[in-house]
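*Asks:* Compute the structure for the input listed below.
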Amino acid sequence: MTDLSNAPKPERQRKPDWIRVKAPTTKGYAETRDLMRDLRLNTVCEEAACPNIGECWTKKHATVMILGDTCTRACAFCNIKTGMPNPVDPMEPENVAVAAAKLGLEHIVITSVDRDDLPDRGAGQFVKVIEALRRNTPATTIEILTPDFRGLMRQSIEAIVAAGPDVFNHNLETVPRLYPTIRPGARYYASLRLLEEVKNHNPLIFTKSGIMLGLGETRLEVHQVMDDMRSAGIDFLTMGQYLQPTPRHVKVEEFVTPQAFKAYGAVARAKGFLQVASTPLTRSSYHAGDDFAAMRAAREAQLAKSR
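*Replies:* Now for the predicted structure:
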């Protein structure tokens, strides 16, 4: 038998100062955590080890992750566990609505694991959650961050768009060249088509997508992704630094500087996105409520000019 006790451990990369955050200890953080536990809700904040959890939970902002805590895929960047998920919780939609009401949320973000094991890929649960929120907290604006509903994209989009979310987000995650290693279970152009399909069904729903930087992409590849997104009518682009959750995940190729993020953001705005968030700590749902308000105001200003 091979003794691995003295085997060298993979070296952890040291993060630059601009990417470090303090461990959460506030009362607001503890209250948000306890509420999620009481309602048996999962959050992507915890499962994906988000660096902004302290700031967001202190403000009682949380991104609820529906359909369980186990994903049927194994993307190389993601910290969510992989395996055979448990059955869908029928109380989850009502529990999400209760959490939104107790937290007093003006804007809520709902995401999920991939559920390739379900006949509808989980689309029906998104619909039920949106409907429960509309019944219980009608003033709360709803943002969803969905998987790609592989093989059932059109039917899924049709059902979810009919339920009426305010923002439909689906992340491209990275540039097409890196998909085979970073996002092997997905297809870049299928993800683009999904977002285009949302606009075809309802042009008034805001669409949103994001990519991680620091995985080995080039500047020109990032610019091409921006062009592809604009061709699909995407309104809002997020860009943030990829951080390696554990040594078994794909390595960080580069810590992109705040100045480079700022430059990418300027290029994206020039390409016509209604809203752009581009900083090392940007994540899909980071400051989502404020960004939604800014995006809605930008659209209204755009419409006023065209009258």
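
*Asks:* What mean pLDDT does the helix or strand where residue 162 lies get?
*Replies:* Element membership for residue 162 (DSSP states H and E) is helix 153-163. For helix 153-163, the mean pLDDT works out to 96.

*Asks:* Tell me the buried residues in that helix?
*Replies:* For helix 153-163, a neighbour-count test (16 or more other CB atoms under 10 Å) marks 153, 156-157, 159-161, 163 as buried. (C-beta placed from N, C-alpha, C; glycine too.)

*Asks:* repeat for stretch 241-249
*Replies:* Buried, per 16+ other CB under 10 Å, within stretch 241-249: 241-244.

*Asks:* Just these: which are in strands?
*Replies:* When DSSP state E defines the strands, the subset of the buried residues of stretch 241-249 inside them is residue 241.

*Asks:* and the buried residues of stretch 241-249 as CSV, adding distance to residue 292 and pLDDT?
*Replies:* Output for the buried residues of stretch 241-249, formatted as CSV (distance: CB to CB, whole Å; pLDDT from 0 to 100):
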residue, distance to residue 292, pLDDT
241, 22, 94
242, 24, 94
243, 25, 89
244, 30, 89
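
*Asks:* Pipe the buried residues of stretch 241-249 into a markdown table and attach distance to residue 33 per row.
*Replies:* Compiled in a markdown table, the buried residues of stretch 241-249 are given as follows (distance: CB to CB, whole Å):
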| residue | distance to residue 33 |
| --- | --- |
| 241 | 25 |
| 242 | 25 |
| 243 | 21 |
| 244 | 24 |
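
*Asks:* of all the buried residues of stretch 241-249, which comes closest to residue 82?
*Replies:* Comparing these against residue 82 with CB to CB places residue 244 closest, at 16.8 Å.

*Asks:* correct me, but that closest one touches residue 215?
*Replies:* No: taking contacts as CB atoms under 8 Å, residue 244 lies outside contact range of residue 215: 10.2 Å.

*Asks:* shared neighbours, those two?
*Replies:* Taking CB atoms under 8 Å, 6 or more residues apart in numbering as the criterion, residue 244 and residue 215 both touch 250, 252.

*Asks:* Next up, the contacts around residue 141.
*Replies:* Contacts of residue 141 by CB under 8 Å, 6+ apart are 106-108, 166-167, 289, 292.

*Asks:* Any regions of the stretch 101-250 of the chain where pLDDT drops low?
*Replies:* The model of the stretch 101-250 of the chain has no residue with pLDDT under 70.

*Asks:* 90 instead, please
*Replies:* Within the stretch 101-250 of the chain, the ranges that satisfy pLDDT under 90 run 101-109, 185, 243-248.

*Asks:* would you list every one of the helices in it?
*Replies:* Here the stretch 101-250 of the chain has its helices, by DSSP state H, counting those that start in this stretch, at 123-136, 153-163, 179-182, 188-201, 219-231.

*Asks:* Name the single longest strand found in this structure.
*Replies:* strand 206-213.

*Asks:* list the helices and strands that strand packs on?
*Replies:* strand 167-169, helix 188-201, helix 219-231, strand 236-241, helix 258-270, helix 288-306 (3 or more CB pairs under 8 Å, 6 or more residues apart in numbering; DSSP states H and E).

*Asks:* right, and these - which one's nearest residue 250?
*Replies:* strand 236-241 (13.5 Å).

*Asks:* what's next to the closest one, contact-wise?
*Replies:* 19, 167, 169, 171, 206-214, 222, 226, 229, 252, 255-256, 261, 264-265, 268, 273-284, 286, 291, 295.

*Asks:* repeat that with 7 Å
*Replies:* Applying CB atoms under 7 Å, 6 or more residues apart in numbering, the contact partners of strand 236-241 are 19, 206, 208-214, 226, 229, 255-256, 261, 264, 268, 273-284, 291, 295.

*Asks:* tell me which of the buried residues of helix 153-163 is nearest to residue 307?
*Replies:* Using CB to CB, these come closest to residue 307 at residue 161, 26.5 Å.

*Asks:* Out of the buried residues of stretch 241-249, which comes closest to residue 183?
*Replies:* Nearest to residue 183 among the buried residues of stretch 241-249: residue 242, at 12.0 Å, using CB to CB.

*Asks:* Settle this for me: the closest one is touching residue 79, isn't it.
*Replies:* No: counting by CB atoms under 7 Å, residue 242 does not reach residue 79; the two are 11.7 Å apart.

*Asks:* Please tell me which one of the contacts of residue 141 counts the most neighbours.
*Replies:* Counting neighbours by other CB atoms under 10 Å, the top entry in these is residue 108, with 27 neighbours.

*Asks:* Run through the bridge partners of that one.
*Replies:* residue 142 (DSSP bridges).

*Asks:* my guess is it meets residue 100, correct?
*Replies:* Yes: Residue 108 is within contact range of residue 100, at 5.0 Å (criterion: CB under 7 Å).
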